[in-house]
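*Asks:* give the three-dimensional model of this entry:
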Amino acid sequence: MNRHMIVSTRLGELTLVASDNALAGVYFPHHWVKPMPLGERVTSDPVLSEAARQLDEYLSGERTTFDLQTTLTGDEFQQRVWNRLNDIPYGATSTYGEIAAEVGDHAQRVGKVVGQNPLSIVIPCHRVVGKNGSLTGYAGGLERKQLLLDLEEPAEVRLF
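*Replies:* Alright, predicted model coming up:
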């Protein structure tokens, strides 16, 4: 049974959705893709509270990976693309074309699937950029995408 909680973050309000004992959705306001059935709104839930805690740590620069049980609903191709997104390391990016070459499809189709990612931030679709590193569509808006990429940018190292 799905249930959801709305949490305030430095990116604005996020809607977190759980299905049974797993996180199933992280949605921005006015998300491009219609969210899955949200279920009952709750104010307390162990799965959603843990997801909120880890998202807060990530957005505060205290966490680089998520340790959450998640569930994804999608066809085989969507699953392959979303799994590939998890392989993009913190602080790195990949392009739609690179992912398309790896999964054996067109960049446009990959872009559509990346945009359908139900676990924004947790599955790092913000790490996918256009050719030459250009920022392209993001369900949370390009400003949020840039903020997430800036957050992950490694600190400059100074040699004295």
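*Asks:* mind giving me the domain split of the chain?
*Replies:* Domain segmentation of the chain under automatic domain parsing yields 2-59, 76-152.
*Asks:* CA atoms only: put stretch 18-34 into PDB for me.
*Replies:* Provided in PDB are the C-alpha atoms of stretch 18-34 (Å, rounded to 0.1, in the frame of the first residue of the first chain):
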ATOM      1  CA  ALA A  18       6.700   4.600   0.000                       C
ATOM      2  CA  SER A  19       5.300   1.200  -1.100                       C
ATOM      3  CA  ASP A  20       5.500  -1.400   1.600                       C
ATOM      4  CA  ASN A  21       9.000  -1.200   3.100                       C
ATOM      5  CA  ALA A  22      10.700   0.600   0.200                       C
ATOM      6  CA  LEU A  23      11.000   4.100  -1.200                       C
ATOM      7  CA  ALA A  24       9.100   4.300  -4.500                       C
ATOM      8  CA  GLY A  25       9.100   7.900  -5.400                       C
ATOM      9  CA  VAL A  26      10.700  11.300  -4.900                       C
ATOM     10  CA  TYR A  27       8.900  14.100  -6.700                       C
ATOM     11  CA  PHE A  28       9.300  17.800  -7.100                       C
ATOM     12  CA  PRO A  29       6.400  20.200  -7.200                       C
ATOM     13  CA  HIS A  30       5.000  20.400 -10.800                       C
ATOM     14  CA  HIS A  31       7.000  17.200 -11.700                       C
ATOM     15  CA  TRP A  32       7.000  16.500 -15.400                       C
ATOM     16  CA  VAL A  33       5.800  13.000 -15.100                       C
ATOM     17  CA  LYS A  34       2.600  12.300 -13.200                       C
END
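*Asks:* surely residue 47 is within a helix?
*Replies:* Yes. Assessed with DSSP: H, G, I helix; E, B strand; the rest coil, residue 47 lies in a helix.
*Asks:* now render the domains of the chain as JSON lines, adding mean neighbour count and mean pLDDT.
*Replies:* Yep, even glycine has a C-beta here, placed from its N, CA and C like the rest. Below are these laid out as JSON lines (neighbours: other CB atoms under 10 Å; pLDDT from 0 to 100):
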{"stretch": "domain 2-59", "mean neighbour count": "17", "mean pLDDT": "92"}
{"stretch": "domain 76-152", "mean neighbour count": "17", "mean pLDDT": "91"}
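*Asks:* how about the strands in this protein?
*Replies:* For the chain, applying DSSP state E gives strands covering 2-9, 12-19, 22-27, 40-41, 94-95, 128-129.
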